[in-house]
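Visitor: when you get a sec, could you give me coordinates for this:
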Amino acid sequence: MRERAVTEAMIQAYGRYLDREERSPGTIAKYLRDVRAFASWQQGAPVTPESAKGWKEHLLQAQYAPTTINSMLAALNGLFRYLGWNHYRVRFLKIQRRMFRDPARELNRSEYLQLVKTAKAAHRERIGLLMETICSTGIRVSEVRYITVESARQGRARVLLKGKVREILIPSRLKDKLLAYARRTGRTEGPIFCTCRGRQLTRQQIWAEMKGLCSRAGVSAAKVFPHNLRHRATRSAA
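Guide: Reported below is the predicted structural model:
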C-alpha cells in the first residue's frame, strides 16, 4: 500500500469540494479545522488504518464529548471519502439516545427573555434581535444569511442548502423589528445581520456574542447556544 500523508493542499482542495457541495460556510470551516487538527496530530506521518483509529482514541483520552468526537470523525471520514481513501475511514462512537433533555441545559422562557432584555440594556441590538429571530423562526445559524431586507418585506425567507429549498415564515411582529433595524443600520437590501463592514457573521461570532451576555443576565452559559434557542421556537414569541 502506497504511503499517503494529509497535506495542506489536500485540505484546501477538500474545502473547495465542500463548497461545490453547497455545505454552509460554518460547516466547511469546522470540517477544515477538524482535519487540520488530525494532520497536526499526525505530524506529517503517513496515514494508516491504525493511525486513523488512534486519532479516535486520542480524542477519547482528551475527554472530548462523544458527539464532538463523532462530528470530528465525520469531517475526517469526509476527507478520506473525497480522496478515495475509504479503507482509512473510522467507525463512529455508538451513543445511546437520551429520551429526555437535560434540565440543567434547558433554556426556559424567563431566561430567554432576560437575555434579550440584557442585550437591549447593553445597546447590543444586533445580537438581541438575532436571538429573537432564531427563537421565533427556528432558523439555523448557518441560515441567518437568508434573513434579508427582501425576505423581511415579504414575511418569508427561502433557504437553499444542499440542493433543497425550505421556506421560513417571519412573524409580523418580528418582520417589523427587522425592517426597523435595517433602516437604523442603513441596510436597504441583502442580509440584515452583518458585521460593521457588511460581512457575514460567523458561527463563532454569534456564539461568542451570546455567551457574552450570560454573566450580566445571570443565565448559565451552559444553556446559551443557538440550538437551544431553536428548541424554544415553538414555545416562545419574540
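Visitor: what pLDDT does His231 get?
Guide: Per-residue pLDDT puts His231 at 54.
Visitor: again, but for Gly78
Guide: Listed pLDDT for Gly78 reads 96.
Visitor: do Phe92 as well
Guide: Value for Phe92, per-residue pLDDT: 92.
Visitor: where does it fall, phi/psi-wise?
Guide: Here is the backbone geometry of Phe92 (degrees, to the nearest 10): phi -80, psi 160.
Visitor: tell me the contacts of it?
Guide: For Phe92, the contact set (CB atoms under 8 Å, 6 or more residues apart in numbering) comprises Asn70, Leu73, Ala74. All C-beta spots, glycine's among them, are computed from the backbone N, C-alpha and C.
Visitor: can you get me a residue count around Ala39?
Guide: 20 (other CB atoms under 10 Å).
Visitor: I should have written Gly84 there, sorry.
Guide: Other residues close to Gly84 by other CB under 10 Å number 7.
Visitor: for this protein, what spans make up the strands?
Guide: Using DSSP state E, the strands of the chain run over 156-161, 164-169.
Visitor: in a markdown table: these, plus distance to Ala182.
Guide: Below are those laid out as a markdown table (distance: least, CB to CB, whole Å):
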| stretch | distance to Ala182 |
| --- | --- |
| strand 156-161 | 14 |
| strand 164-169 | 17 |
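Visitor: re earlier: so which of the contacts of Phe92 wins on neighbours?
Guide: The most crowded member of the contacts of Phe92, judged by other CB under 10 Å, is Leu73 (21 neighbours).
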